[in-house]
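Colleague: sequence and predicted model, in that order:
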Amino acid sequence: MDFSLFYFANDSTGSTGNRYELLLEGAKFADRNGFSAVWTPERHFHPFGGLYPNPSVTGAAIAAVTERIGIRAGSVVAPLHHPLRIAEEWSVVDNISGGRVGLSFASGWHAADFALRPENYENRREILLEQVEQVRALWRGERITATDGVGVEQRLGIYPPPVQPELPVWVTSAGGVETFRNAGRSGSGLLTHLLGQDLDDLADKIAEYRKAVAELGRPDGWTGHVALMVHAFLGADEDAVRETVRAPLGDYLRSSLGLLLGSRLDGRRVDASKLSAEDIDFIVARSFDRYFDDGGLLGTVDKAERMVERFRAIGVDEVACLIDFGLPTPAVLASLEHLNRLRERTSPDGAGGVS
C-alpha cells in the first residue's frame, strides 16, 4: 500500500504565522520518509480550502523543497481552464521537480467556480474527458487546434517540453459509478473519497473501474490505480484523538454537507429542503461517529492498520492522507511520526502509480 499526503481543507482566513507551513513542512517530512506523493487541490472563492486556488503554484513550491516525492494535483478542475494552459503550467513544474508531476482531473461541482468559465458548466463532464486526452497529447509533444485572437485556427504545442514522456493521470470521482467507469476507459487512475459512500459501495465501484481498465487490454498488463482520500490524525490514545479531532472534523463535515446529503443515512434518502438546524447537527454528529470509527485513519496506529487492510481488501492501491482539516499545525506535524509508523507497517516495499 502506498501512502501520500493530501491537502484540501485549510481555512485561508487563519491570521498568524505562515499559512503554508503545514504544506511545506509536511511535504518535506513525506519526502524524507518514503511517502509516494503530495496532493494539493484547486479551490476557489471560499475560505474553506481557499489556500489552494492553483495546484500548479503549490506544486512548484513543493518541488523546490523536496527531492523525490511525487507532486500531484488533487485535482485540476479541467473545464475551468484551456488545456494548453494546464499542460504549460504543469510542464514547468515537471521540469522544476525533475519529472515528478501527476494530475488528477475533476469536472467541478461548485457553480460559483464557473464564474471563470460559465460556458463550460452545463457540459463539464464531457469537457473533462476531452481535456484529459488533449493534455495528454500536448504532454507527448503533439499539437492541438485552437483559435487565435483574430479568429484564425492555429496548431499549437507547449513549451517547455516536460521531463516525463507520459503524464501520470487520475480522474477524480465524488462517487458516481459512471465516472469510475470513465476513468477506467480512459486508462487513468482513480482518485476518490468516502464522503457520500461507504466501503461496500466503494468496493462495487472499484470493481467497475477495474473491469473498464481490463477491457482496454493494455499490453503492459496495467490494472489501474485507486487512490483513496481519507482523514488522517494518529496518536497514542484513541480517546484523546477522538476529542482532539471532534470539533475540526465536525466543521469539515458540515462544510461538505452537500455530499453528505447526497448519501443515505440509516437507509433513507435525506431531503435537504426539509432539514432544520437540529437535523443538520444530527447528520454531522452521526457522520463524525462513522468517519472516526469506520472511515478514516483516526485514532491509534493499531486501529488504523486494520483500516488500511480493509482498504487493501477492496482494491485500494494508495491511501491519500488528508491531514489539514483544521487541527493546529504543530499537532499535525507531530502526528506524522505515527502516520509514518503506519506506513512502515503496511507498505514495506509498496509499489504503485499510474502509467
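Modeller: Received it, and whenever you're ready, just let me know what you need.
Colleague: tell me the residue furthest from the middle of this structure?
Modeller: Val150 (38.4 Å; Cα atoms, centre = their mean).
Colleague: read off the pLDDT value for that residue.
Modeller: pLDDT for Val150: 97.
Colleague: what's the answer for Gly196, then?
Modeller: pLDDT, Gly196: 78.
Colleague: and it, how many neighbours does it have?
Modeller: Residues near Gly196, counting by other Cβ atoms under 10 Å, number 18. All C-beta atoms are positioned from the backbone trio N, CA, C, and that covers glycine.
Colleague: ok, it to Leu253 distance?
Modeller: Shown here: Gly196 relative to Leu253, a distance of 11 Å by Cβ to Cβ, to the nearest Å.
Colleague: likewise Leu5?
Modeller: Distance, Leu5 to Leu253, by Cβ to Cβ: 20 Å.
Colleague: comparing those two, which residue is more hemmed in?
Modeller: Comparing Leu5 with Leu253 by other Cβ under 10 Å, the one with more neighbours is Leu5, at 27 against 22.
Colleague: isn't the more buried one right up against Phe35?
Modeller: Yes. Taking Cβ atoms under 8 Å as the definition, Leu5 is a contact partner of Phe35 at 6.2 Å.
Colleague: now Ser56: closest residue in space, sequence neighbours ignored.
Modeller: What sits nearest to Ser56 in space, not counting adjacent residues and going by Cβ to Cβ, 6 or more residues apart in numbering, is Glu89, at 4.0 Å.
Colleague: doesn't the one you found lie inside a strand?
Modeller: No. Counting by DSSP: H, G, I helix; E, B strand; the rest coil, Glu89 is not part of a strand but helix.
Colleague: mind checking the SS state of Asn182?
Modeller: Recorded secondary structure, Asn182: helix (three-state DSSP).
Colleague: run through who's touching the host helix or strand of Ser56.
Modeller: Using DSSP states H and E, Ser56 sits in helix 55-65. Contact with helix 55-65 is made by 7, 20, 23-24, 27-28, 31, 38, 40-42, 52, 69, 71-76, 89-90, 92-93, 96-97, 100-101, as judged by Cβ atoms under 8 Å, 6 or more residues apart in numbering.
Colleague: so what's the residue count around Pro47?
Modeller: Number of residues near Pro47 (other Cβ under 10 Å) recorded here: 13.
Colleague: list the buried residues of stretch 230-246.
Modeller: Residues of stretch 230-246 classed as buried by neighbour count (16 or more other Cβ atoms under 10 Å): Val230, His231, Ala232, Phe233, Leu234, Gly235, Val241, Arg242, Thr244, Val245.
Colleague: the fifth one touches Leu339, doesn't it?
Modeller: Put plainly, it is Leu234. Yes. With contacts counted by Cβ under 8 Å, Leu234 reaches Leu339, the gap being 5.5 Å.
Colleague: mutual contacts of the two, please.
Modeller: Shared contacts of Leu234 and Leu339, counting by Cβ under 8 Å, 6+ apart, come down to Leu297.
Colleague: how close does the residue nearest the centre of the chain get to Arg43?
Modeller: Of all residues in the chain, the one closest to the mean position by Cα atoms, centre = their mean is Gly74, 3.7 Å from it. As judged by Cβ to Cβ, Gly74 and Arg43 stand 11 Å apart.
Colleague: same deal with His110?
Modeller: 9 Å.
Colleague: quick one on the thing from earlier: three-state assignment of the residue farthest from the centre of the chain?
Modeller: Val150 - assigned by three-state DSSP - is coil.
Colleague: equivalent analysis for Gly102, please.
Modeller: Secondary structure assignment for Gly102 (three-state DSSP): strand.
Colleague: am I right that the residue nearest to the centre of the chain sits in a strand?
Modeller: Yes. The assignment for Gly74 is a strand, going by three-state DSSP.
Colleague: can you pull up the bridge partners for the closest residue to it other than its chain neighbours?
Modeller: Nearest non-adjacent residue to Gly74, counting by Cβ to Cβ, 6+ apart: Trp39, 3.3 Å away. Under DSSP bridges, the beta-bridge partners of Trp39 are Phe6, Arg72.
Colleague: Trp39 and Phe6 touch, don't they?
Modeller: Yes. With contacts defined as Cβ under 8 Å, Trp39 counts as touching Phe6 at a distance of 4.5 Å.
Colleague: which one of those two has more residues nearby?
Modeller: The neighbour comparison of Trp39 against Phe6 (other Cβ under 10 Å) goes to Trp39, with 29 against 26.
Colleague: what sits against the more buried one?
Modeller: Contacts here follow Cβ under 8 Å, 6+ apart; on that basis Trp39 touches Ser4, Leu5, Phe6, Tyr7, Arg72, Ala73, Gly74, Ser104, Leu191, Met229, Ala320.
Colleague: can you rerun that using 6 Å?
Modeller: Contacts for Trp39 (Cβ atoms under 6 Å, 6 or more residues apart in numbering) come out as Phe6, Arg72, Gly74, Ala320.
Colleague: tabulate these (CSV), appending pLDDT and distance to Pro118.
Modeller: Shown next, in CSV, are those (pLDDT from 0 to 100; distance: Cβ to Cβ, whole Å):
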residue, pLDDT, distance to Pro118
Phe6, 96, 29
Arg72, 98, 28
Gly74, 95, 24
Ala320, 98, 31
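Colleague: quick one, strands of this structure?
Modeller: Here the chain has its strands, by DSSP state E, at 2-6, 37-40, 70-77, 101-106, 144-147, 153-156, 169-172, 189-193, 226-234, 264-265, 268-269, 297-299, 318-322.
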